[in-house]
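Visitor: Build me a structure from this.
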Amino acid sequence: MPDHTQDADSDARYNGETGSIRQRCAALGIRWLEEPPEASADAVALISPEVAVRLRVVPLRIAEDHLVAAMVEPLDISAVDEVSTLTGYPLTRVGLEPKAFADLIQTHYGITAARMAERLADESGESGADMEHNLDAIDADDIHRMAEQPNLINLVNLLLLEAIQSRASDLHIEPFENELKVKSRIDGVLIEQSPPPKHLQPALIGRIKIMAGMNIAERYVPQDGHITLRFEGRKVDLRVSTVPTLYGESVVMRILDKTALRLDFESLGMRQSLREMIDRLIAKPHGLVLVTGPTGSGKTTTLYAALSKLYDPRKKIITIEDPVEYELPGINQIPVNPKRGLTFATGLRHILRQDPDIIFVGEIRDAETAEIAIRSALTGHLIFSTLHTNDAVSSIGRLIDMGAEPYLMASVLEGALAQRLGRRVCPYCAEQVPMPEDVRPRLSAGELDLFDGKVWRGRGCSRCSDSGYYGRLGFFELIWINPALRKAISDNRSASELTALLDDSFMSMRVDGLKKAAEGLTTIEEVLRSTQDTEDSVV
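Guide: Below you'll find the model as predicted:
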């Protein structure tokens, strides 16, 4: 049956926080409402929809030269100051439940990015159609002017806010000959949104480049940038990348919302037995620990969780990453900068002069980095790093192919974790159904025994946007380097020979995923999709 513990914990934390806010509001004489209050049109018009959503504030009425406003967080002084500055009125605050606030926003600011794009398309009329086929002829000054239009700014802000609210990890803007596509990656899957009109392309992309500190006049070389947003009282970072395509610049924004990321092994989907093994592995005083998998499989998040668990003010922890995805308190993090000569190899050399206890190398990409990492582990440091390999055993051969000496690998390697990510079954609409006939041939007899003819599905609800999935979890396999494996690695044995020497406790990613599917945490289809490039295993 699906595990609702995580949701119960979230609800408990939320209720505790709400209770604390209410008590503080009561002490300050701030009223708290359970239901959406009435709001006058004149008051509502004082701030834009984007500001209302971003600050979670809705003006209700003007009374005695004060603006009465409903807020989810009435104690957010910076939001109070911003609304007062925008409206010209001092604020009288009223606290409001989040669900009631959402209804109030929908009633008075019932606008989405799609509706705003339609409105901008209608306003542009025929001139917009003419611009569709002359995008290259638009000067940078004109793009800058269009990108500073209030309606265009609101459209971009709404696109970003809707992506954050929908738990998207990335927002894609893709230009084609006659259309401009917008897609959000939610739980690892791209979902297409209602597209803005094609003629808004230069202004829309120009606005994003301005926000990210890029050069809007340069449209024919890739660029990278960074945006920091304040959303619902928290900071959200966006990593922006543009590349030129046939029909304009393609933009991808990676949304890094640290508050939505729980850095602990349990929330990543690790079983208790695996967590105990990982705890013993990362507690070693020195050696090399690898996490492997393709791009987007959660390798960095797993190692961040390990670093967070290991953090101790008595230890010096340094990371070198490309780029730094999340800021970890108390840990020194170095971003790679090849343009200025700071690569993984050069950075790692200098890190060793900083007297570190634990080092995290974002990725071992070349022979030089591999050699320095291995020799660092030999000299008493605990090294964490990632590799792009299909499974855990392959990481050994990969490093040897890079030029690492097998006898050195055998001396320093302590363990390798391989992982994939799959979507969780939505806990709010999960149900058991008979196993589909097309799935049976893809499972072995032992694997079929796990399910007893029934599987879990999400039928779709408002919480999961009718997808049947809500969030993601990992499928893992861990190899622990035992004496027999060390001898085989030193002798440069093949991957199949190494696999035969694994402990009885070893469980492949596929088996780990299928057991989670049997427990109702994910679906068989997600497991097979995520682990299709690994060798099939039999229970």
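Visitor: CA atoms for contacts and neighbours, from now on please.
Guide: OK.
Visitor: did I read that right, Gln333 in a strand?
Guide: Yes. With DSSP: H, G, I helix; E, B strand; the rest coil as the criterion, Gln333 is part of a strand.
Visitor: element containing the nearest residue to it once chain neighbours are set aside?
Guide: Distances taken as C-alpha to C-alpha, 6 or more residues apart in numbering place Thr319 nearest to Gln333, at 4.7 Å, with adjacent residues excluded. Here Thr319 sits within strand 317-321, counting by DSSP states H and E.
Visitor: quick one: contacts of that strand?
Guide: Outside strand 317-321, the residues that touch it by C-alpha atoms under 8 Å, 6 or more residues apart in numbering are 311, 331-336, 344, 347-348, 351, 356-363.
Visitor: again, only using 7 Å
Guide: Strand 317-321 has contacts (C-alpha atoms under 7 Å, 6 or more residues apart in numbering) with 331-336, 344, 347, 356-362.
Visitor: repeat for stretch 209-224
Guide: Outside stretch 209-224, the residues that touch it by C-alpha under 7 Å, 6+ apart are 140, 206, 225-227, 240-244, 249.
Visitor: my guess is Ile58 meets Val68, correct?
Guide: Ile isn't right for residue 58; it's Val. No. Using C-alpha atoms under 7 Å, Val58 is not in contact with Val68; the gap is 8.8 Å.
Visitor: Just say helix, strand or coil for Gly422.
Guide: Counting by three-state DSSP, the backbone at Gly422 sits in strand.
Visitor: Which strand residues bridge it?
Guide: Gly422 forms beta bridges with Leu473, as assigned by DSSP bridges.
Visitor: So for the helix or strand Gly446 falls within, what gets flagged as buried?
Guide: Element membership for Gly446, per DSSP H and E: helix 445-449. Of the residues in helix 445-449, 447-448 count as buried by neighbour count, 16 or more other C-alpha atoms under 10 Å.
Visitor: so how far is it from its chain's centroid?
Guide: Relative to its chain's centre, helix 445-449 lies at 34 Å (C-alpha atoms, centre = their mean, to the nearest Å).
Visitor: Tell me where the stretch 1-150 of the chain is predicted with low confidence.
Guide: 1-19, 110-144, 146-147 (pLDDT under 70).
Visitor: in it, which spans are helices?
Guide: Remark: helices assigned in the stretch 1-150 of the chain by DSSP state H, counting those that start in this stretch are 5-27, 41-44, 49-55, 77-87, 98-108, 113-131, 140-147, 150-165.
Visitor: residues of stretch 56-70 that come out buried?
Guide: Under 16+ other C-alpha under 10 Å, the buried positions of stretch 56-70 are 56-62, 67-70.
Visitor: nearest to Ser508, of the residues you listed?
Guide: Arg56 (45.5 Å; C-alpha to C-alpha).
Visitor: Touching, that closest one and Met71? I think so.
Guide: Yes. Between Arg56 and Met71 there is a contact under C-alpha under 7 Å: 5.9 Å.
Visitor: intersection of neighbour lists for these two?
Guide: Overlap of the contact sets of Arg56 and Met71 (by C-alpha under 7 Å, 6+ apart) is empty.
Visitor: thinking again about what came up before, could I get the buried residues of stretch 56-70 as a markdown table with distance to Arg280?
Guide: Listed next are these as a markdown table, based on distance: C-alpha to C-alpha, whole Å:
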| residue | distance to Arg280 |
| --- | --- |
| Arg56 | 44 |
| Val57 | 48 |
| Val58 | 51 |
| Pro59 | 54 |
| Leu60 | 56 |
| Arg61 | 60 |
| Ile62 | 62 |
| Leu67 | 58 |
| Val68 | 56 |
| Ala69 | 53 |
| Ala70 | 50 |
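Visitor: Would you check which pair of these lies furthest apart?
Guide: Farthest-apart pair in the buried residues of stretch 56-70 is Arg56 and Ile62; separation 18.2 Å (C-alpha to C-alpha).
Visitor: and stretch 395-402, which residues are buried?
Guide: Neighbour-count burial for stretch 395-402 flags 395-397, 399-400, 402 (criterion: 16+ other C-alpha under 10 Å).
Visitor: how long is stretch 208-227 from one end to the other?
Guide: The first residue of stretch 208-227 is 9 Å away from its last residue (C-alpha to C-alpha, to the nearest Å).
Visitor: Buried residues in it, which are they?
Guide: The neighbour-count check on stretch 208-227 (16+ other C-alpha under 10 Å) flags 208-210, 212, 214, 216, 219, 223-227 as buried.
Visitor: Could I get the phi/psi values of the residue of the chain most remote from its centre?
Guide: Residue farthest from the centre of the chain, counting by C-alpha atoms, centre = their mean, is Glu64 at 45.7 Å. The phi/psi pair for Glu64 (degrees, to the nearest 10) reads phi 50, psi 50.
Visitor: Could I get the contacting residues of it?
Guide: By C-alpha under 7 Å, 6+ apart, no residues touch Glu64.
Visitor: same check, this time on Pro244
Guide: By C-alpha under 7 Å, 6+ apart, the contact set of Pro244 is 219-222, 250.
Visitor: Export the buried residues of stretch 395-402 to a markdown table and append columns for distance to Arg262 and secondary structure.
Guide: A markdown table is the format used below for those (distance: C-alpha to C-alpha, whole Å; DSSP: H, G, I helix; E, B strand; the rest coil):
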| residue | distance to Arg262 | secondary structure |
| --- | --- | --- |
| Ser395 | 27 | helix |
| Ile396 | 30 | helix |
| Gly397 | 33 | helix |
| Leu399 | 31 | helix |
| Ile400 | 34 | helix |
| Met402 | 34 | helix |
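Visitor: What's the separation between the residue nearest the centre of the chain and Gln419?
Guide: When C-alpha atoms, centre = their mean is applied to the chain, the residue found nearest the centroid is Ser169 (4.3 Å). With the distance defined as C-alpha to C-alpha, Ser169 ends up 18 Å from Gln419.
Visitor: which regions of the stretch 251-400 of the chain lie under the pLDDT threshold?
Guide: Using pLDDT under 70, the stretch 251-400 of the chain drops low at 260.
Visitor: What segments of it are strands?
Guide: In the stretch 251-400 of the chain, the strands defined using DSSP state E, counting those that start in this stretch lie at 287-292, 317-321, 332-335, 358-361, 382-387.
Visitor: ok, back up a step: list just the nearest of the contacts of stretch 209-224 to Cys464.
Guide: So of the contacts of stretch 209-224, ranked by how close each gets to Cys464 (C-alpha to C-alpha), first place is Val240, at 26.6 Å.
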